[in-house]
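1. return a 3D structure for these sequence lines:
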Amino acid sequence: MGHKRRTTTTSSRNSSSTFDPKDAERVEHHRIGVWDLYVQHEEKLLSYVPSAWRDRLEEYGSILNDMPYLWRTVKDISKTCWHFLVVYATITVIIALLPALTLWYSGQLLKIVQIAVEDRTVDKNLLFRIAGGRVLCTLSQRLLEQVRTRVSQDLNSRIKQHYSVHIFHSMARLDVPTYEDPVVSRQLDAIIPSERSSIAWTAISSLLRIVSSILQVGSQFLVLYGVLSEQRDGPLLALLSLADRIVSWFDSPAGPLQVTGVWAATVSNEDFLRMEGMKRVITNPRHRQELVAGSMTEHLTKQYRKLVTRLGDRAGDFWSLHHRWVINRRSTVIKSILREPLSELPQIVFTLRAAQYPTSIPVSLASLHLIQESSQSFMTMMTSLTQQAGTLSEKMSGLRKLYEAANIPNKVPDGRIPFPENAQSIHNGISLEFRHVSFEYTGSDDYALRDISFKIVPGQLCVIVGVNGSGKSTILKLIARIYDVTEGEILLDGRDIRTLQLHDIRRAMAILFQDYTHFP
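-> Okay, the predicted model is just below:
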């Protein structure tokens, strides 16, 4: 039973050099249970970048590479439903700015409280206008979200309809050998839209959500800065309220799979390999007959129990062991202990200021509440923003595949010479000649045709007879260039069939295959 090895590459940064696990100068070795993990050292400049940020940078790089496809999508969509797209984008921008306006109204309420504490007076008209503005912002946001949902449904339907033609043509243009290729089949499966949404709409809506989140974060930050700059210790309280969340946000795993882009994991422990082999014996139906006939149940169970006991916690799936190993390296207990005092610092500063300025307690309390509420909203939006950016790379990749599907090259290339050159000559018949033709279907070890030669002159009737599997249908498929010959050549009117235009060849023929089908 050979060595079990699992290797993956998560980045092409180092693809210019060969990855050699035995190169101690460039590769770091870690023992994780029964597994040996080899990690290629990161470049010095990248080693100072937090691991989570490196992954994000790679995703952002792929997004930038796929941006031309997004621009092409926008231009295609604008031809049919540009008004829906403009309305959706406008509503999205307005919804993104409404939270900042609500925060501004909260700042005005804070000013009213401060004036009431200092002067013992309240401007009731201003208070009612501010309260009414907050309520109007909330109602407007709810209403606009409903309108946006309705517009998005119509826009998605139009986009899905537009790209259904693109997908239909991309699939219909493929010849038989290309369509039967498993790689092409997977590529086509990736562009088929779901029942609810299309690939193009998913990419566009994801990008608009990211733009909306950036506008929301930026506008709220500017408004909050303006509000807190007028309050005593406002910026300090805001910084302290964000401190523990910022530390948590920047915290990244120390595991090597997040540090470098090239790594390999292998296992050579004989006990573990034997144990995995026993698992395959009892799970693979191919071995069930020998397992039962040999009465091997008790013997295998006994041997498996010994191996499990001998290996203990060292045995297991690589990813499970790696996850536990990374957690143990991160010193999460110390970090959680350090975060607790950070979360209490705003209350400590508030208490000290309250003792120093007792009359400002109501204003300071309102400021603290506004700061804590806003800081929580900020970090939630930032987390959401990074997650959306991560998923956007997948959406953009799907968009690229959607357009690349139309450029999948057929395995039977088209010729350049029209056929026939004289349209009237086809009524008199055409000559057909096979010269030492051999053909082998993809995935087959045997030739369907082997060194076949014959000639049919114009106007001559030819009947080909033979047993099943002798190649009669294959000859017809080669004449129609459903497939190309593996060896030899086929001549139509003395010309190599591969040099003639496919459309002209098939238009000049009428073929009924033995395994014909009825179109639905």
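
2. center of this structure, which residue is that?
-> Closest residue to the average C-alpha location of the chain: residue 394 at 2.5 Å, with Cα atoms, centre = their mean.

3. does it lie in a helix or a strand, and which?
-> Residue 394 belongs to helix 361-404 when elements are defined using DSSP states H and E.

4. average pLDDT across that helix?
-> Throughout helix 361-404, pLDDT has a mean value of 73.

5. show the subsequent helix or strand relative to that helix.
-> Criterion used, DSSP H and E; the element after helix 361-404 is strand 432-439.

6. picking up where we left off before, OK, contacts around the residue nearest to the centre of the chain?
-> Not one residue lies near residue 394 by Cβ atoms under 8 Å, 6 or more residues apart in numbering. C-beta here means a position set from N, CA and C on the backbone, and glycine is covered the same way.

7. helices and strands around the longest helix seen in the chain, which ones?
-> The single longest helix within the chain, with elements called by DSSP state H, is helix 51-119. Judged by 3 or more Cβ pairs under 8 Å, 6 or more residues apart in numbering; DSSP states H and E, the packing partners of helix 51-119 are helix 124-172, helix 199-228, helix 361-404.

8. list the helices and strands the shortest one packs on?
-> Identification of packing neighbours for helix 199-228 by 3+ Cβ pairs under 8 Å, 6+ apart yields helix 51-119, helix 124-172, helix 234-250, helix 361-404.

9. list the contacts of stretch 478-498.
-> So stretch 478-498 is contacted by 175-177, 411-413, 415, 417, 419-420, 430-441, 447, 449, 451-453, 474, 477, 500, 502, 505-506, 509, 511 (Cβ under 8 Å, 6+ apart).

10. give me the mean pLDDT for that stretch.
-> Here the average pLDDT along stretch 478-498 is 90.

11. likewise stretch 140-147?
-> 93.

12. which residues belonging to it are considered buried?
-> Within stretch 140-147, the residues that qualify as buried are 141, 144, counting by 16 or more other Cβ atoms under 10 Å.

13. ok, stretch 289-302 next?
-> Of all the residues in stretch 289-302, those buried under the rule 16+ other Cβ under 10 Å are residue 296.

14. that stretch: end-to-end distance?
-> The straight-line separation of the ends of stretch 289-302 (Cα to Cα, to the nearest Å) is 20 Å.

15. how far does it sit from the chain's center?
-> 44 Å (Cα atoms, centre = their mean, to the nearest Å).

16. give me the contact list for it.
-> So stretch 289-302 is contacted by 278, 281-282 (Cβ under 8 Å, 6+ apart).

17. show me which of those residues are buried.
-> Buried members of those, counted by 16+ other Cβ under 10 Å: 278, 281.

18. and which of the contacts of stretch 289-302 is nearest to residue 205?
-> Nearest to residue 205 among these is residue 282, at 47.4 Å by Cβ to Cβ.

19. return the residues in contact with that closest one.
-> Taking Cβ under 8 Å, 6+ apart, one finds 291, 300 in contact with residue 282.

20. and it, what element?
-> helix 270-283.

21. please state the offset of that helix from the chain centre?
-> On Cα atoms, centre = their mean, the centre of helix 270-283 falls 34 Å from that of its chain.

22. what's the first helix or strand after it?
-> Using DSSP H and E, the first helix or strand after helix 270-283 is helix 288-293.

23. and for residue 428, the neighbour number?
-> Residue 428: 9 surrounding residues under other Cβ atoms under 10 Å.

24. let me fix that: residue 105
-> 19.

25. shouldn't it be in contact with residue 132?
-> No. Using Cβ atoms under 8 Å, residue 105 is not in contact with residue 132; the gap is 9.4 Å.

26. check what pLDDT the nearest residue to residue 457 once chain neighbours are set aside gets.
-> Nearest in space to residue 457, with sequence neighbours left out and distances taken as Cβ to Cβ, 6 or more residues apart in numbering, is residue 431 at 5.4 Å. Model confidence at residue 431, given as pLDDT, is 87.

27. now do the contacts for residue 431.
-> Residue 431 neighbours (Cβ under 8 Å, 6+ apart): 455-458, 491-494.

28. repeat for residue 417
-> 495, 499-501.

29. in the sheet, who's paired with it?
-> Beta-bridge pairing of residue 417 under DSSP bridges involves residue 500.

30. separation between residue 494 and residue 436?
-> 16 Å (Cβ to Cβ, to the nearest Å).

31. from the chain's centre, how far out does stretch 301-317 sit?
-> Per Cα atoms, centre = their mean, the centroid offset for stretch 301-317 relative to its chain is 37 Å.

32. out of the contacts of residue 431, which end up buried?
-> 492-493.

33. how about CSV for the contacts of residue 431, with secondary structure added?
-> Formatted as CSV, those follow (DSSP: H, G, I helix; E, B strand; the rest coil):
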residue, secondary structure
455, strand
456, strand
457, coil
458, coil
491, strand
492, strand
493, coil
494, coil
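
34. just the contacts of residue 431 now: which is nearest residue 97?
-> residue 492 (68.4 Å).

35. please name the bridge partners of the closest one.
-> residue 432, residue 495.

36. that one and residue 439: what is the separation?
-> 17 Å.

37. cool, and residue 514?
-> 17 Å.

38. looking at those two, which one has more neighbours?
-> residue 439 (21 against 8).

39. what's near enough to touch the more buried one?
-> Neighbours of residue 439 in contact, by Cβ under 8 Å, 6+ apart: 447-449, 471, 474, 478, 483, 485-487.

40. just the buried ones from the contacts of residue 417?
-> Counted by 16+ other Cβ under 10 Å, those give 495, 500 as buried.

41. what would the contacts of residue 417 look like in JSON lines with distance to residue 155?
-> Output for these, formatted as JSON lines (distance: Cβ to Cβ, whole Å):
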{"residue": "495", "distance to residue 155": "52"}
{"residue": "499", "distance to residue 155": "47"}
{"residue": "500", "distance to residue 155": "46"}
{"residue": "501", "distance to residue 155": "41"}
